[in-house]
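# The following block contains a protein sequence and its predicted model.
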Amino acid sequence: KEKKKAREGYSLPGSSWEERLANAVTPLWRLPYQEQLQVKYESQRKILQTLASRLEELGIDAQKPGGLCCPLQPVVPSPVINGYRNKSTFSVNRGPDGNLKTVGLYVGTGRARNIVCVKANHMENIPPKHKQVAQCYEEFIRRSPLDPCILFHEGGHWRELVVRTTSCGHTMAIVTFHPQELGQEALATQKALLKEFFVCGPGTVCALTSLYFQESTMTRCSHEQSPFQLLHGEPHIFEEVLGLKFRISPDAFFQVNTGGAEVLYQAAGELSQAGGDTVLLDICCGTGEQWLCTIGLSLAHQMSKIIGIEVVEKAIEDARWNAAFNGISNCEFHSGKAEAVLPQLLSSWEDARPLVAVVNPSRAGLHYRVVQAIRNCKSIRRLLYISCKPEGEAMRNLLELCCPPDPGKKLVGEPFAPTLAIPFDMFPHTVHCELVLLLTR
């Protein structure tokens with residue numbers, strides 16, 4: 001109920017639009033940081049209590065002190081509390097003053113038909129550079145004679161803006177544009193005007209490393225469906241994590257909090273208890289966005305071998321480049337859906353080396369065939385399940401991984417047991433965090 005209120009911009013009567021947006025996107029923004037961590041700890045404690053109760057219902061004695069299914073460590077704080085996001089997505093819609101060419105974030109919902117687009121200049125989780133690019137994009141579209149695209153069927157062109165930045169000082173901007181009935185010549189004119197604004201005009205203050213343009217007739221569009229067109233600058237920006245350099249494409253998935261990711265990956269290495277002979281399975285169960293196999297690559301120096309699985313071919317290309325650039329030669333990458341590749345890979349697994357698996361699925365959780373393959377592979381004794389929403393579909397996955405053998409569901413392998421839980425605050429001021437759950441057998 002509280003999350004629903006936050007999503008719909010619920011606030012006290014008389015709240016400003018800025019307060020309503022802050023309450024919707026960063027509902028903990030008023031609390032001192034230590035209190036935010038305590039709120040998150042309590043929510044993770046309840047989730048582990050629920051998991052323990054659900055396992056008890058399945059006949060597994062999972063109750064530990066406090067009614068938890070395993071020990072829960074304190075929430076690991078984020079190294080950066082304000083302006084930590086390395087990626088922001090800004091929408092274009094009607095602002096509080098009625099201007100349809102407002103660039104910002106939404107208060108309200110489409111279902112309730114009460115969406116208002118509020119500028120994000122006051123948001124504590126967004127860095128100044130992102131706000132600057134958004135402000136310049138708003139200036140550009142307000143100068144443009146073309147309308148914004150609010151509802152596809154009503155026409156209009158200018159759509160969302162994605163800004164990505166790195167600790168190396170790079171900035172990438174990606175503008176989405178609905179072509180409607182425009183011909184190639186008219187499209188070329190708009191691209192030239194956009195480039196001129198950011199390269200020679202008022203937008204030069206943004207000092208963009210890369211400017212991309214994507215024509216899209218869908219809500220979300222992959223590079224394969226509609227290529228990202230480089231209008232200016234470098235095709236990639238670069239980020240450094242734990243001494244490694246990663247190249248980032250427009251649609252690459254990267255943890256939104258770089259400093260927090262470094263802390264999480266270091267902990268993942270320690271929890272894997274990797275010896276020099278350990279093989280790490282980095283199972284990238286993405287949603288079509290490129291996943292860079294960053295966990296696997298960042299731990300490669302501790303492992304005998306890294307095996308990465310990724311559905312997006314372009315992400316495999318990036319992962320191979322990243323491995324080669326960083327002098328990592330003990331990696332192999334498999335392209336395809338995890339539910340297709342993993343069962344095939346593990347059914348013929350005869351390697352005697354210890355096998356550790358790391359999964360970091362989207363909110364939809366792991367595909368059932370991925371769960372089956374992991375559960376039924378005897379070589380996997382340690383599994384790191386990383387989730388930003390463990391109370392959702394992840395709960396179903398965890399029950400399937402830890403339940404008694406069930407031949408009817410093809411879960412015949414020895415069950416895993418929750419051993420340790422560590423929450424990481426990757427999203428200060430919000431109610432979310434990443435829970436790393438170590439499962440062993």
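That came in fine, so what should we check first? The model shown is predicted, which means the values in this text are computed figures rather than measured ones. Residues are numbered from 1 along each chain as shown.
# Ramachandran angles for Leu438?
phi -90, psi 120 (degrees, to the nearest 10).
# Which of the residues in stretch 373-386 are classified as buried?
373-377, 379-386 (16 or more other C-beta atoms under 10 Å). From N, CA and C alone the C-beta is placed, and that goes for glycine too.
# same thing with stretch 106-116?
For stretch 106-116, a neighbour-count test (16+ other C-beta under 10 Å) marks 106-108, 115-116 as buried.
# contacting residues around Asn326?
244-245, 297 (C-beta atoms under 8 Å, 6 or more residues apart in numbering).
# quick one: contacts of the lengthiest helix in the chain?
Counting by DSSP state H, the longest helix found in the chain is helix 33-57. Helix 33-57 is contacted from outside by 28, 31, 62-64, 66-70, 72, 74-75, 77, 81, 390-391, 395, 398-399, 402-403, 418, 421, 423, 425, 428-429, 431, 433, 435, using C-beta under 8 Å, 6+ apart.
# And those residues, which of them are buried?
Buried, going by 16+ other C-beta under 10 Å: 28, 62, 68-70, 72, 75, 77, 390, 395, 398-399, 402-403, 418, 421, 423, 425, 428-429, 433, 435, out of the contacts of helix 33-57.
# Next step: these restricted to strands.
418, 421, 423, 435 (DSSP state E).
# which stretches of the stretch 101-250 of the chain have low pLDDT?
222 (pLDDT under 70).
# For it, which segments count as helices?
All helices of the stretch 101-250 of the chain, identified by DSSP state H, counting those that start in this stretch, fall at 128-143, 184-199.
# Next, work out how far apart the residue lying closest to Val431 once chain neighbours are set aside and Arg320 are.
Distance criterion C-beta to C-beta, 6 or more residues apart in numbering; nearest residue to Val431, sequence neighbours excluded, is Pro27 at 5.9 Å. Between Pro27 and Arg320 the distance, using C-beta to C-beta, to the nearest Å, works out to 40 Å.
# These two: which has the busier surroundings?
More neighbours surround Pro27 than the other of Pro27 and Arg320, with 20 against 16 (other C-beta atoms under 10 Å).
# Let me know whether the more buried one touches Pro428 as I believe.
No: Pro27 is not in contact with Pro428 according to C-beta atoms under 8 Å; the separation is 11.7 Å.
# So the residue in the chain sticking out farthest from the centre versus Pro361, what's the distance?
Most distant residue from the mean C-alpha position of the chain: Glu185, 36.4 Å away (C-alpha atoms, centre = their mean). Glu185 sits 44 Å away from Pro361, going by C-beta to C-beta.
# Pull the contacting residues for Val359.
283, 285, 366, 370, 374, 383-386.
# from these, which single one is nearest Val256?
Nearest to Val256, judged by C-beta to C-beta, of the contacts of Val359 is Ile386 at 13.8 Å.
# The closest one reaches Leu439, doesn't it?
No: using C-beta under 8 Å, Ile386 is not in contact with Leu439; the gap is 11.4 Å.
# Give the full set of residues in contact with the residue sitting nearest the centre point of the chain.
Centroid check for the chain by C-alpha atoms, centre = their mean gives Gln255 as the closest residue, at 5.4 Å. Gln255 sits next to 261, 264, 294, 426 when contact means C-beta under 8 Å, 6+ apart.
# again, 10 Å this time
86-87, 239, 241, 261-262, 264-265, 292, 294-295, 360, 388, 424, 426, 434 (C-beta atoms under 10 Å, 6 or more residues apart in numbering).
# Among those residues, which has the minimum pLDDT value?
Least confident by pLDDT among those: that is Leu292, with 51.
# before we move on, back to that, CSV please, covering the buried residues of stretch 106-116 and showing distance to Arg143.
CSV is the format used below for the buried residues of stretch 106-116 (distance: C-beta to C-beta, whole Å):
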residue, distance to Arg143
Tyr106, 24
Val107, 26
Gly108, 27
Ile115, 24
Val116, 23
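# Show me where the stretch 151-300 of the chain has its strands.
158-165, 171-177, 210-215, 229-233, 237-241, 244-248, 252-253, 279-283, 290-291 (DSSP state E, counting those that start in this stretch).
# Nearest to Lys195 among those strands would be which one?
Taking C-beta to C-beta, strand 229-233 is the member of those nearest to Lys195, at 4.5 Å.
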